[in-house]
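Engineer: generate a structure from the sequence data that follows.
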Amino acid sequence: MIHILLPTDFSENAQKAADFVFEMFGVSNFKLVLVHGVVPPRTTPGMMINITDLMQEDAERDLKIEKKRLEEKYDCPGLVQTKAKLGYLQDILPAIIAAHNADMIVMGTRGDNTIANKVLGSNPEQIVRLGLLPLLAVPTEFEIEERPKVCIATTKSEIPHVEVVERILNSLKNKQKTKLSVLHVLTSDTETAHKSLPLNGMQVAVATEIANSPEEGINVHLANTHLDMLVVCHRHNSRIDYLFSRSTTKKLTGQIHVPLLILPG
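Structural biologist: Modelled structure (predicted):
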């Protein structure tokens, strides 16, 4: 069982991300904690206490509403927990992660769905940079297929963080029907790739793309392949390994409309 934290601002994006968790993962395979960071506006000291208290109460009320929506919709009473805490999300997450022994963070995305905006937009970027846990970014407009397809992208001849990937894959609702694949992006026509790699006790087929950059190869692959989840790995040097670096985000011309699971390096 995996423990999932889902930061929410009660927007449609956040609700869609929560629905995705229930549709992609089996209710017996995860525990979900809805998290909201209460950040009061700047006011005079006397006014601050009143506003903070009111915002905390509003957050707790809205969290209970979303908890009720999910548990009634998916018939799973008691599965969802809630936590409203004073502070910015990036500041409150470490303590919440420790308290709930969390394994993964799920967040909805907003704006256009380019890879750059998914990962480099405000909260997701900050969470990725913290490198606390795997982060699953879910676009608002997305429907899971009956037989989900999951692809792990890499420029290496191995699957990154294979143990973490296997644990998440084993928590999928339709894991027996899930079609797994590996994308090996080659940035030189002299490179070679394995035909398959071991994952979850089986050999998984490896698709290859030859491109000038990892992001170009991924975009080409996505243009020709439907996926329900794309897995990439993040380095501690602020580069999204196998995908892009901040200096190359402007080169991204394609759009990504699939959930993106980012593993900390």
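Engineer: low-confidence ranges, this protein, go.
Structural biologist: Counting by pLDDT under 70, the chain has low-confidence residues at 42-49, 110-126, 128-129, 234-256, 265.
Engineer: from the centroid of it, which residue is nearest?
Structural biologist: The centre of the chain sits closest to Leu136, judged by Cα atoms, centre = their mean, with a distance of 0.5 Å.
Engineer: surely Thr41 is in contact with Leu54?
Structural biologist: Quick fix: residue 41 is Pro, not Thr. No. Counting by Cβ atoms under 8 Å, Leu54 is not a contact partner of Pro41; they are 11.4 Å apart. Every C-beta, even on glycine, is put in place using the N, C-alpha and C of the backbone.
Engineer: who has more neighbours out of the two?
Structural biologist: Remark: of Pro41 and Leu54, Leu54 carries more neighbours, 12 against 9, as counted by other Cβ atoms under 10 Å.
Engineer: what strand or helix carries the more buried one?
Structural biologist: helix 45-73 (DSSP states H and E).
Engineer: do the same with Gln81
Structural biologist: Counting by DSSP H and E, the element that carries Gln81 is strand 80-86.
Engineer: next secondary structure after that strand?
Structural biologist: helix 89-100.
Engineer: now the following helix or strand past that next one and helix 89-100, what's the angle there?
Structural biologist: The helix or strand immediately downstream of helix 89-100 is strand 104-108, counting by DSSP H and E. Angular relation of strand 104-108 and helix 89-100 on a 0 to 180 degree scale: 140 degrees, by axes from the mean of the first three to the mean of the last three Cα atoms, to 10 degrees.
Engineer: just to revisit the earlier point, the helix holding Leu54 - contacts with which helices or strands?
Structural biologist: Other helices and strands packing on helix 45-73, by 3 or more Cβ pairs under 8 Å, 6 or more residues apart in numbering; DSSP states H and E, are helix 12-24, strand 30-38, strand 80-86.
Engineer: please repeat the previous calculation with a cut-off of 6 Å.
Structural biologist: strand 30-38, strand 80-86 (3 or more Cβ pairs under 6 Å, 6 or more residues apart in numbering; DSSP states H and E).
Engineer: can you put those strands in TSV and add distance to Ser171 and mean neighbour count?
Structural biologist: Shown next, in TSV, are those (distance: least, Cβ to Cβ, whole Å; neighbours: other Cβ atoms under 10 Å):
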stretch	distance to Ser171	mean neighbour count
strand 30-38	6	22
strand 80-86	16	18
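Engineer: can you tell me which of those strands is nearest to Met107?
Structural biologist: Nearest of the helices and strands packed on helix 45-73 to Met107, taken as Cβ to Cβ: strand 30-38 at 10.1 Å.
Engineer: please name the strands paired to the closest one in the sheet, noting orientation.
Structural biologist: Sheet pairing of strand 30-38 (DSSP bridges) gives strand 2-7 (parallel), strand 80-86 (parallel).
Engineer: okay then, goodbye and thanks.
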